[in-house]
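A.B. asks: Structure for this input, please:
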Amino acid sequence: MKYLTRISVLALIAAMCLAVPGGNPKEEFRGVWLSTVANIDWPESRLDPEAKKQADLIRYLDLMKETGINALVFQVRPSCDAMYPSPYEPWSYWFSGTQGEGPAADSLWDPLAFAVEEAHKRGMELHAWVNPYRAVVNPLWADSAGYLSDRHISRQRPDWLLKFSSVCILDPGKAEVRDYITKIFMDIVTRYDIDGLHMDDYFYPYSPIKNEDSLTFAEESRGFTDLHDWRRDNINLLVARVADSIRQVKPWVKWGISPFGIYKPGVPKGIEGFDAWSVLYCDPLAWLEAGTVDYITPQCYWPFGGGQDYGTLIPWWAGEAKKHKRHFYPGQALYRAASDKFPVGEIPRQVRMNRQTEGCQGSIYFTANNFFKNPKNTTDSLRLDLYATPALWPVFDHKKSKPLAPPAVFAERSSQDVTLSWESGPGAWGYVVYRSRTQHDLISDPASILAVLPAEGSSYRDETSEQWFYAVTALNDYKLESRPGRAVMEFVVPQRPVYGAQEKCPWLVFKWNPYAGADDYHIQVAADKDFSFIVYEERLLSKTRLNKTLPRGLTYYWRVKANNTENWSPVWTFVR
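C.D. replies: Residues are numbered from 1 along each chain as shown. A predicted model of the protein is given here:
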């Protein structure tokens, strides 16, 4: 160990600083759509063996976890079919190549249950993504072998269909259709431990519709005289019906919808493009005003500038959501990041704007396979910078719940690790494990999050030889955190100089808490975090306070130890 003279200390200049991510929020929804229709993301091929399908799901989840994503939005009902064993609808053509055929008999498994379990293992939410009305993608294929099962709703109830050249949909105007869709959705909510149910933008077709539903309007107008208002109300009725059903059964399950990114041309001023309000007949402002959604995810798939300016759309949508106390997670076009229209850094710039916009609590990316492609290093920018620290999920103000009691936390230290264990009451969705050099920012700084563990977890091993403060919180089903349960650590607790402080006074005051049973203390101050270059050291200090002068212009590290413990305090740093 080298001891430095005053001259050598002054000569020691910091030549390099580690760039650490700063300012990332502790709560932020970071979602990704995993598309199954047409095998966009998963399965890679509908003919893949079951083992590969499972391995590929794991591969996606591992990459998302590594990138900092905290929610997977998994498409489980692409077109009135199922990526899970449904009692009402056949297995998807996109799963096996033959609609109605599920996993092979020698490897029966449930992809949705599997995805829920594996996502939760990684501290991620799983939202089941459902397409409400789309029944047949590309009707020209309808008679192709294996494309449609006799059990499919298009075969069972052809009178429910509205037929177009590119798609067949269930007729939104029929009360029976709304009953049927709600039954399908609630079967998923009831049987699976999902964290959210998510509906996308396929309402009335993009084609657009003309008079294909005139008979339904005549028979089920509900007193409406305007066809267009009636169509919008058809959608609104389903949205409200599903919202009410979820609240009755599992009120913590999040109900979100991702409409087209433009409400109407000219709204807000300067926005041009497709008129979803008049063509798709979706009215997100009506859902917000009625409180029938928990979050909205308008698909804002454009860059800054132009007639679909991201910088204009985001504040407008955020303001509408905030007005009605709902969350806003814009959809972001990772799939377009490689195009010429998206300059380098476009997606990171959008994320930064999201964070600066009041009323915006995160985003969802389309689509998952693009994370492997890393277009223009966008995935790296998320992983290494914007999402370098973990994030928990924003908690809804309109969903009331009580936090759980803090866990009782215990710690066992060896020379190479610390093993935490805890005891907690029932009802936890999971646990958050924290580690920090200081106590005051232990649970406020997202960089302190070591792990988010599922409810089955009750221990965590931290491979470290250094000293840290630890805490564990319990998350209820609404993702509301308990107060922290803190581990009792056998070391002296530093007080001053405060961790990370800039000390300008001529005299430095070193201060620490008394350690039970200690007679004296040993303090070290160094010019490096490994304590290879000791600047000052003193033993047999009977007090818990020391005044000292040190050369200016350096970053210092200090620690203290009581005579009745082998453990040094956590290493604190300050700038002189």
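A.B. asks: And the helices in the stretch 301-450 of the chain, which stretches?
C.D. replies: 310-323, 346-356, 370-373, 378-381 (DSSP state H, counting those that start in this stretch).
A.B. asks: Between the ones you listed, which one is closest to Ile296.
C.D. replies: helix 310-323 (6.0 Å; Cβ to Cβ). Just so you know, the C-beta spots here come from the backbone N, C-alpha and C atoms, and that holds for glycine as well.
A.B. asks: How about Val452: what's its closest non-neighbour residue?
C.D. replies: Gly123 (2.9 Å; Cβ to Cβ, 6 or more residues apart in numbering).
A.B. asks: tell me the contacts of that neighbour?
C.D. replies: Going by Cβ atoms under 8 Å, 6 or more residues apart in numbering, Gly123 touches Lys65, Asn70, Pro390, Gly430, Ala451, Val452, Leu453, Pro454.
A.B. asks: Number of residues surrounding the closest residue to Pro208 other than its chain neighbours?
C.D. replies: Nearest residue to Pro208, sequence neighbours excluded (Cβ to Cβ, 6+ apart): Val279, at 4.4 Å. Neighbourhood size, Val279 [other Cβ atoms under 10 Å]: 16.
A.B. asks: Could you pull out the helices in the stretch 151-300 of the chain for me?
C.D. replies: Counting by DSSP H, counting those that start in this stretch, the helices of the stretch 151-300 of the chain are 153-156, 175-191, 214-219, 227-249, 276-279, 284-290.
A.B. asks: can I get the ones you listed in CSV with distance to Glu50 and mean pLDDT?
C.D. replies: CSV is the format used below for the helices of the stretch 151-300 of the chain (distance: least, Cβ to Cβ, whole Å; pLDDT from 0 to 100):
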stretch, distance to Glu50, mean pLDDT
helix 153-156, 26, 98
helix 175-191, 21, 98
helix 214-219, 41, 98
helix 227-249, 31, 98
helix 276-279, 39, 94
helix 284-290, 39, 98
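A.B. asks: Distance to Val395 added to those, as JSON lines?
C.D. replies: Output for those, formatted as JSON lines (distance: least, Cβ to Cβ, whole Å):
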{"stretch": "helix 153-156", "distance to Val395": "37"}
{"stretch": "helix 175-191", "distance to Val395": "20"}
{"stretch": "helix 214-219", "distance to Val395": "41"}
{"stretch": "helix 227-249", "distance to Val395": "17"}
{"stretch": "helix 276-279", "distance to Val395": "30"}
{"stretch": "helix 284-290", "distance to Val395": "18"}
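A.B. asks: Need the helices of the stretch 301-450 of the chain in TSV (columns: distance to Ala82 and mean neighbour count).
C.D. replies: What follows is the helices of the stretch 301-450 of the chain, written out as TSV (distance: least, Cβ to Cβ, whole Å; neighbours: other Cβ atoms under 10 Å):
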stretch	distance to Ala82	mean neighbour count
helix 310-323	31	19
helix 346-356	32	19
helix 370-373	25	17
helix 378-381	30	20
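A.B. asks: Out of those, which gets nearest to Asp397?
C.D. replies: That would be helix 310-323 among the helices of the stretch 301-450 of the chain, by Cβ to Cβ, at 10.4 Å.
A.B. asks: Packing partners of the closest one?
C.D. replies: helix 284-290, strand 295-296, strand 327-328, helix 346-356 (3 or more Cβ pairs under 8 Å, 6 or more residues apart in numbering; DSSP states H and E).
A.B. asks: now these as TSV including distance to Arg437?
C.D. replies: Formatted as TSV, the helices and strands packed on helix 310-323 follow (distance: least, Cβ to Cβ, whole Å):
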stretch	distance to Arg437
helix 284-290	43
strand 295-296	35
strand 327-328	33
helix 346-356	25
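A.B. asks: doesn't Gly256 make contact with Trp287?
C.D. replies: No: with contacts defined as Cβ atoms under 8 Å, Trp287 does not count as touching Gly256, sitting 10.3 Å away.
A.B. asks: anything in contact with each of those two?
C.D. replies: Here Trp287 and Gly256 have Val293, Ile296 as joint contacts, going by Cβ under 8 Å, 6+ apart.
A.B. asks: about what we covered before: out of the helices and strands packed on helix 310-323, which comes closest to Gly270?
C.D. replies: Here helix 346-356 is closest among the helices and strands packed on helix 310-323 (Cβ to Cβ), at 16.5 Å.
A.B. asks: and for the closest one, what are the contacting residues?
C.D. replies: Outside helix 346-356, the residues touching it (Cβ under 8 Å, 6+ apart) are 25, 28, 303-304, 310-311, 314, 330, 332, 334, 337, 360, 362-363, 376, 378, 381-382, 385-386.
A.B. asks: Dump the C-alpha coordinates for it into CSV.
C.D. replies: C-alpha atoms of helix 346-356 as CSV (Å, rounded to 0.1, in the frame of the first residue of the first chain):
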residue,chain,number,x,y,z
GLU,A,346,-34.2,9.6,-33.5
ILE,A,347,-35.6,7.1,-31.0
PRO,A,348,-33.4,8.2,-28.1
ARG,A,349,-34.4,11.8,-28.8
GLN,A,350,-38.0,10.8,-28.7
VAL,A,351,-37.5,9.0,-25.3
ARG,A,352,-35.9,12.2,-23.9
MET,A,353,-38.9,14.2,-25.1
ASN,A,354,-41.2,11.7,-23.5
ARG,A,355,-39.5,12.2,-20.2
GLN,A,356,-39.7,16.0,-20.5
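A.B. asks: returning to what we had before: helix/strand/coil for the residue nearest to Val452?
C.D. replies: coil (DSSP: H, G, I helix; E, B strand; the rest coil).
A.B. asks: same thing with Tyr557?
C.D. replies: strand.
A.B. asks: Isn't it up against Ile534?
C.D. replies: No: assessed by Cβ under 8 Å, Tyr557 is found out of contact with Ile534, at 10.1 Å.
A.B. asks: Give the residue from the two that has the larger number of neighbours.
C.D. replies: Using other Cβ under 10 Å as the criterion, Tyr557 and Ile534 rank with Tyr557 on top: 18 against 15.
A.B. asks: what sits against the more buried one?
C.D. replies: So, once contact is read as Cβ under 8 Å, 6+ apart, Tyr557 ends up touching Val525, Ala526, Ala527, Asp528, Lys529, Phe531, Val571, Trp572, Thr573.
A.B. asks: Spatially, what comes nearest to the fifth one if we skip its sequence neighbours?
C.D. replies: Which is Lys529. Per Cβ to Cβ, 6+ apart, closest to Lys529 is Tyr557, 5.0 Å.
A.B. asks: The one you found and Pro497: what is the separation?
C.D. replies: Look at Tyr557 and Pro497: by Cβ to Cβ, to the nearest Å, they are 11 Å apart.
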